[in-house]
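Novice: Turn this into a model:
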Amino acid sequence: MTAWPVASSSAAEPHDTGDPPFGLHMTWGRADQPAPPRARPRRWLAAIAVLASFALCGLTSCTGEAPVSEERQSDSPVAETLVRYGFYAYFEPVSALADSQNDQHGERDASDSGQQPSNRGGHIGYEADLLSAIEAMDGFGLRFVRSPITEWPGIWLMAASDSFDMTGGGITALDSRTRDADGATVIAFTEPHIEFRQSLLVRSADAERIRSHGDLLATDRVGVLASTTGEARLLQLLDITHDGRLAPGTRVHTPAGVVLVADDGRHSITASGASADLADRTRLEPADPNLPDVVYLGELAGEQELLDSLSRGDVDAIARGTIGNAAAAFDSDGEFAVTALDQAVEHGGFAIDAANAELRSAINTAVAWLTDNGRIGITQWIADNTVFATRARQWQPPG
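Specialist: Now for the predicted structure:
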């Protein structure tokens with residue numbers, strides 16, 4: 001094995017995203033707001049770029065919970081290695097299955113979203129281009145065999161299964177997500193390549209009323225995807241959970257019946273999972289009668305089910321990441337708006353079997369190079385989706 005140096009600053013100029021102006025009230029997507037400049041084939045591409053410049057910052061300039069990964073290593077495989085990669089199929093524009101987007105939206109395809117068609121299992125989006133750039137790095141020797149994963153809960157643990165070597169799809173790297181049901185550490189996350197902040201997606205008519213999570217009423221219903229940081233952060237901000245433990249008196253609806261949470265601290269919901277008897281939860285009624293109900297959707301059709309429910313009026317808000325919410329808002333022809341931007345920063349990485357230090361080291365080296373040590377992120381990719389391919393061409397394997 002050849003010891004390869006960790007990528008350092010390149011000949012390209014650094015990409016400075018700057019710190020976001022926290023506290024701004026933003027409702028991108030309202031019909032009375034002009035579209036941001038630098039239009040792309042799809043309006044949401046330009047919209048997210050502008051929103052991301054406020055809501056996201058460079059990986060080297062943000063504060064928040066440190067990403068869960070080890071120090072970057074320097075070893076990378078020389079001979080070509082096939083990596084079985086499972087990607088979440090429903091998180092546009094970070095990670096999506098091209099066919100699913102065509103089915104759900106009718107008109108969206110690879111060329112429409114600015115993607116270049118390629119033989120990569122229908123995988124499109126930010127992470128898809130990042131992995132394709134790794135494949136294009138001269139002499140690096142990694143090839144990804146990509147398979148879509150349609151169920152979100154526990155997707156990170158699948159990297160330690162017999163089916164995959166690595167999984168992704170906008171996964172926030174959390175220490176709790178590195179352990180299996182028995183508490184054993186089975187997953188290690190790579191260095192971060194993307195950042196997230198949570199927000200609410202609402203109908204534009206409600207944007208002034210629901211400016212923050214605290215504006216949600218008892219008559220409102222908030223849609224979430226189970227076992228996401230969107231769900232976990234919503235419950236935390238509404239004081240429904242404390243350190244993941246549900247407040248006594250909370251009622252959780254499941255197919256087996258209603259679970260009434262006692263004061264013994266036995267029931268919990270976190271971004272990594274929930275108590276066993278809450279795994280198939282469909283609705284949550286907070287103990288505080290002034291808080292909104294939480295509705296669980298998207299098990300079969302992904303986040304599109306949430307968007308359809310918001311459009312029909314079945315829910316009044318969707319709690320999830322700002323990147324996805326901004327995409328939906330600017331793809332809705334003014335129907336939806338993004339509000340309640342959270343200040344907490346999340347770091348996203350790829351999940352890899354904890355025992356596979358060699359693969360993790362190689363991915364860390366490649367990501368460090370392609371992102372210019374965190375200076376290039378989704379904002380720059382949306383502005384120019386060839387940015388990772390350009391960086392890949394600049395890579396020179398150690399002689």
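
Novice: CA atoms for contacts and neighbours, from now on please.
Specialist: Will do.

Novice: Tell me how many other residues crowd Asp331.
Specialist: Asp331: 18 surrounding residues under other CA atoms under 10 Å.

Novice: Now do it, the pLDDT please.
Specialist: Looking at Asp331, its pLDDT reads 90.

Novice: Please report phi then psi for it.
Specialist: Phi and psi for Asp331, reported as degrees, to the nearest 10, are phi -100, psi 0.

Novice: now Lys297: how far from Ala136?
Specialist: To be clear, residue 297 is Leu; Lys isn't right here. Distance check for Leu297 against Ala136: by CA to CA, to the nearest Å, it reads 38 Å.

Novice: Run through the helices of this protein in chain order.
Specialist: With helices called from DSSP state H, the chain shows them at 43-55, 98-105, 126-136, 229-237, 303-312, 322-330, 357-370, 378-383, 387-394.

Novice: which of the ones you listed is buried the deepest?
Specialist: helix 322-330 (a mean of 26; mean count of other CA atoms under 10 Å).

Novice: Direction-wise, compare that one with helix 303-312 and give the angle.
Specialist: Helix 322-330 runs at 50 degrees relative to helix 303-312, counting by axes from the mean of the first three to the mean of the last three CA atoms, to 10 degrees.

Novice: from the middle of its chain, how far away would helix 322-330 be?
Specialist: 12 Å (CA atoms, centre = their mean, to the nearest Å).

Novice: Hey, what's the angle from that helix to helix 229-237? Just curious.
Specialist: Going by the same axes, to 10 degrees, helix 322-330 makes 100 degrees with helix 229-237.

Novice: Who are the packing partners of helix 322-330?
Specialist: If contacts are counted by 3 or more CA pairs under 8 Å, 6 or more residues apart in numbering; DSSP states H and E, helix 322-330 sits against helix 43-55, strand 198-203, strand 336-339.

Novice: What is the end-to-end distance of stretch 313-323?
Specialist: The first and last residues of stretch 313-323 sit 22 Å apart, counting by CA to CA.

Novice: do the same with stretch 221-233
Specialist: 16 Å.

Novice: which residues sit against that stretch?
Specialist: 152-154, 172, 198-199, 244, 269-274, 292-299, 302-303, 306, 314-321 (CA atoms under 8 Å, 6 or more residues apart in numbering).

Novice: Looks like Thr190 contacts Asn364 (just checking).
Specialist: Yes: with contact defined as CA atoms under 8 Å, Thr190 and Asn364 form a contacting pair (6.0 Å).

Novice: can you pull the contacts of the residue most central in space within the chain?
Specialist: In the chain, the C-alpha nearest the mean C-alpha coordinate belongs to Gly170, at 3.0 Å (CA atoms, centre = their mean). Residues near Gly170 by CA under 8 Å, 6+ apart: 88, 91, 94-95, 194, 348-349.

Novice: The spatially closest residue to Ile269 that is not a sequence neighbour: neighbouring residues, count only.
Specialist: Spatially, and ignoring its direct neighbours in sequence, Ile269 is nearest to Gly244 (5.3 Å; CA to CA, 6 or more residues apart in numbering). Gly244 has 20 neighbouring residues, counting by other CA under 10 Å.

Novice: hmm, back to that, ranked by average pLDDT, which of the helices and strands packed on helix 322-330 falls at the bottom?
Specialist: Among the helices and strands packed on helix 322-330, helix 43-55 carries the lowest mean pLDDT (a mean of 48).

Novice: check contacts around the closest residue to Ser163 other than its chain neighbours.
Specialist: Leaving aside its chain neighbours, Ser163 sits nearest to Arg84 (7.4 Å; criterion: CA to CA, 6+ apart). Residues near Arg84 by CA under 8 Å, 6+ apart: 144-147, 163-166.

Novice: Adding neighbour count, write the contacts of Gly170 out as CSV.
Specialist: Listed next are the contacts of Gly170 as CSV, based on neighbours: other CA atoms under 10 Å:
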residue, neighbour count
Tyr88, 25
Phe91, 21
Val94, 21
Ser95, 22
Ile194, 25
Gly348, 23
Gly349, 27
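
Novice: Show me where the stretch 51-200 of the chain dips below the pLDDT cut-off.
Specialist: The stretch 51-200 of the chain contains residues with pLDDT under 70 at 51-79, 99-120.

Novice: let's go with 80 and repeat that
Specialist: 51-79, 99-121 (pLDDT under 80).

Novice: Now do stretch 282-290: everything it contacts.
Specialist: In contact with stretch 282-290 (CA under 8 Å, 6+ apart) are residues 217-218, 240, 247-255, 292-297.

Novice: Which PyMOL command selects the buried ones in those?
Specialist: A single PyMOL command is used to select the members of the contacts of stretch 282-290 judged buried by 16 or more other CA atoms under 10 Å:
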select buried, resi 217+240+247+248+249+250+251+252+253+254+292+293+294+295+296+297
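
Novice: So which of the contacts of stretch 282-290 belong to strands?
Specialist: 251-254, 293-296 (DSSP state E).

Novice: Tell me the one among those residues nearest to Asp353.
Specialist: Lowest distance from Asp353 to the ones in strands among the contacts of stretch 282-290 (CA to CA) belongs to Tyr296, with 29.3 Å.

Novice: Okay, and which of the contacts of Gly170 map to strands?
Specialist: Members of the contacts of Gly170 lying in strands (criterion: DSSP E): 88, 91, 95, 194, 348.

Novice: among the residues you listed, which two are most distant?
Specialist: Across the ones in strands among the contacts of Gly170, the longest distance by CA to CA is 15.2 Å; it joins Tyr88 and Ile194.

Novice: what ranges of the stretch 201-350 of the chain fall below the confidence cut-off?
Specialist: Residues of the stretch 201-350 of the chain that meet the criterion pLDDT under 80 lie in 298-303.
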